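Student: what shape does this take:
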Amino acid sequence: MECISVFDMLKIGIGPSSSHTLGPWRAAERFISELQDYKVFDFVSTIKIDLYGSLSLTGKGHATDLAIMLGLTGADPVTIPTQNIESLTKSIQETKKLLLNNTKEIYFDSKLDIIFNKSFLPFHANAITFTANLVNGKQIKETYYSIGGGFVVKEELKRAKKKLEVFKSFPFPTRNGTDLLAICEKENKSISELVLENERFLRSDSEINLGLLDIWNTMLESMYTGCHTEGYLPGGLNVRRRAYDTHQKIKGPLSYDNPQEWLQTIRQTEVKFRSILQWVSCFALSVNEVNASLGRVVTAPTNGSAGVIPAVLMYYMVIENHEATFEHVKKFLLVAGEIGSIFKKGATISAAMGGCQAEIGVSSAMAAAALTELLGGSKEQVLIAAEIAMEHHLGLTCDPIGGLVQIPCIERNSMGAIKAINAAELALDSEPSNAKVSLDKVVQTMWETAKDMSTKYKETSEGGLAVSVHLSDC
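Tutor: Sure thing, here's the model as predicted:
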């Protein structure tokens with residue numbers, strides 16, 4: 001029975017994609033670690049990388065090649081100064097020299113040593129193979145799969161068995177919504193309280209609080225940065241940043257100096273229905289514009305859907321509860337993480353496997369559930385909110401124009417956030433005994449829909465808007 005930490009579902013990383021940027025970055029780090037474990041790191045002469053499936057088809061637009069180079073240098077996506085990314089990758093490309101793990105210089109021609117294969121490997125649509133050539137002529141080859149949300153796995157049964165042994169030790173392991181409700185009822189705990197008990201198995205209360213505070217601060221900073229950065233996004237689509245203009249229009253003459261002051265200031269603005277829509281959309285757009293420009297965001301549960309949860313959490317703090325504290329943020333993130341883990345265990349959070357329903361749909365369900373608990377909903381209503389949000393994202397395809405996480409991805413975050421708020425309100429007015437569709441049924445349906453969906457609508461840029469709208473049209 002797989003138990004997944006909140007810190008697995010909510011990771012700090014670099015955009016624009018958790019599966020195509022953060023995942024390959026982590027895979028490169030893991031390959032370096034394995035070379036060290038094999039005691040061959042010092043004998044590496046060159047490294048070649050083969051990308052397969054969706055990683056190959058949309059890798060350029062998702063900066064997969066740049067992420068791999070950064071990962072091979074040992075740079076950490078959580079801490080690397082984002083302003084250094086362009087100069088570091090440009091230096092590698094121009095000099096054809098790469099400082100492996102920041103200690104060993106090797107020859108590396110990114111145009112020849114990163115190969116974009118259009119074929120798919122059977123285990124997963126996002127596959128990456130690293131080959132290290134040693135000075136004695138031998139090779140070390142490893143294949144990794146980026147399965148969404150920054151998760152990286154290898155196709156091996158030993159790993160699964162080892163993980164299973166760890167999962168059995170969790171105090172309250174759950175497979176699905178039914179398990180979650182049953183254990184909450186038995187233990188007389190809310191969903192956030194139960195999730196907190198599981199997290200305490202892995203780390204101390206202070207570590208949990210610091211980790212969640214880092215996540216929240218990163219979300220807040222990405223919203224703040226997006227709202228205060230104007231211009232155009234990189235990539236060739238000439239997409240103008242909209243969060244800046246929207247923010248300037250709706251904030252008026254507000255004055256502040258940093259993200260925390262900004263939060264407190266906008267809490268005091270006049271609230272109308274239209275302004276609520278504008279603020280929520282602005283919050284969501286701002287995060288994903290930062291994401292699209294290789295900025296730092298929180299995968300929630302992916303980079304492509306990183307704006308939904310911050311936007312809904314800000315809605316609660318700015319509109320619903322001006323007295324909200326970190327404890328409210330903590331509960332929100334704990335519930336969101338648990339709902340995301342249910343979708344990951346029962347279906348997928350990878351657009352390359354399930355289309356955008358696996359990203360925006362899941363993030364909307366996570367946010368709806370978390371908001372419902374904060375608004376006083378019962379455990380049953382929390383799951384109803386998640387079900388409603390996903391129900392109305394079923395079948396959503398992934399068709400990024402130019403392979404970039406920009407159109408339609410950025411706007412979809414604002415739509416997912418608004419749907420999450422609406423789903424929470426519907427759930428709060430629902431009588432659980434009258435519910436016709438359970439969360440588990442919608443998770444199952446989502447996975448069946450994903451399997452039936454044509455490959456061209458699964459982050460390949462071979463269908464939908466990606467083929468009906470061309471770069472020349474932009």
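
Student: let me see the contact set for the residue of the chain most remote from its centre.
Tutor: Distance from the centre of the chain peaks at residue 136, with 40.6 Å (C-alpha atoms, centre = their mean). By C-beta atoms under 8 Å, 6 or more residues apart in numbering, the contact list for residue 136 reads residue 43. C-beta: built from backbone N, CA, C; applies to glycine.

Student: distance check, it against residue 44.
Tutor: Relative to residue 44, residue 136 is positioned 11 Å away (C-beta to C-beta, to the nearest Å).

Student: how about the strands in the chain?
Tutor: For the chain, the strands defined by DSSP state E occupy 11-14, 44-53, 97-100, 104-107, 114-116, 126-134, 139-148, 151-153, 296-299.

Student: go through those strands and name the closest to residue 26.
Tutor: Residue 26 lies closest to strand 151-153 among the strands of the chain, at 4.9 Å (C-beta to C-beta).

Student: my read: residue 426 touches residue 388, true?
Tutor: Yes. Look at residue 426 against residue 388 with C-beta atoms under 8 Å: they come within range, at 5.5 Å.

Student: quick revisit: tell me how far the residue farthest from the centre of the chain lies from residue 41.
Tutor: From residue 136 to residue 41 the distance is 14 Å (C-beta to C-beta).

Student: returning to what we had before: have a look at residue 426 and residue 388 and say which one is more surrounded.
Tutor: residue 388 (27 against 16; other C-beta atoms under 10 Å).

Student: I'd guessed that one sits against residue 425; true?
Tutor: No. If you go by C-beta under 8 Å, residue 388 and residue 425 don't touch, sitting 9.6 Å apart.

Student: excluding sequence neighbours, find me the nearest residue to residue 178.
Tutor: residue 440 (5.7 Å; C-beta to C-beta, 6 or more residues apart in numbering).

Student: can you read off the pLDDT for the one you found?
Tutor: Reading off the confidence values, residue 440 has pLDDT 98.

Student: now for it, how many residues are close by?
Tutor: Count around residue 440 with other C-beta under 10 Å applied: 19.

Student: likewise residue 236?
Tutor: Residue 236: 12 neighbours (other C-beta under 10 Å).

Student: and residue 438, by the same measure?
Tutor: Neighbours of residue 438 (other C-beta under 10 Å): 17.

Student: quick revisit: quick check: the residue nearest to residue 178 vs residue 368, distance?
Tutor: Distance from residue 440 to residue 368, by C-beta to C-beta: 16 Å.

Student: same check on residue 450?
Tutor: Applying C-beta to C-beta to residue 450 and residue 368 gives a distance of 20 Å.

Student: can you check residue 199 too?
Tutor: With C-beta to C-beta as the criterion, residue 199 and residue 368 are 21 Å apart.

Student: higher neighbour count, those two?
Tutor: Taking neighbours as other C-beta under 10 Å, residue 199 and residue 368 compare with residue 368 leading, 35 against 22.

Student: any idea how far that one lies from residue 338?
Tutor: Residue 368 is 13 Å from residue 338, by C-beta to C-beta.

Student: could you report the pLDDT at residue 160?
Tutor: 46.

Student: can you show me the helices along the stretch 251-400 of the chain?
Tutor: Using DSSP state H, counting those that start in this stretch, the helices of the stretch 251-400 of the chain run over 259-266, 273-292, 308-315, 326-346, 351-354, 360-374, 379-391.

Student: out of those, which is closest to residue 48?
Tutor: Judging the helices of the stretch 251-400 of the chain by C-beta to C-beta, what sits closest to residue 48 is helix 351-354, at 22.4 Å.

Student: counting by contacts, list what the closest one packs against.
Tutor: With contacts taken as 3 or more C-beta pairs under 8 Å, 6 or more residues apart in numbering; DSSP states H and E, helix 351-354 sits against helix 54-57, strand 139-148, helix 439-452.
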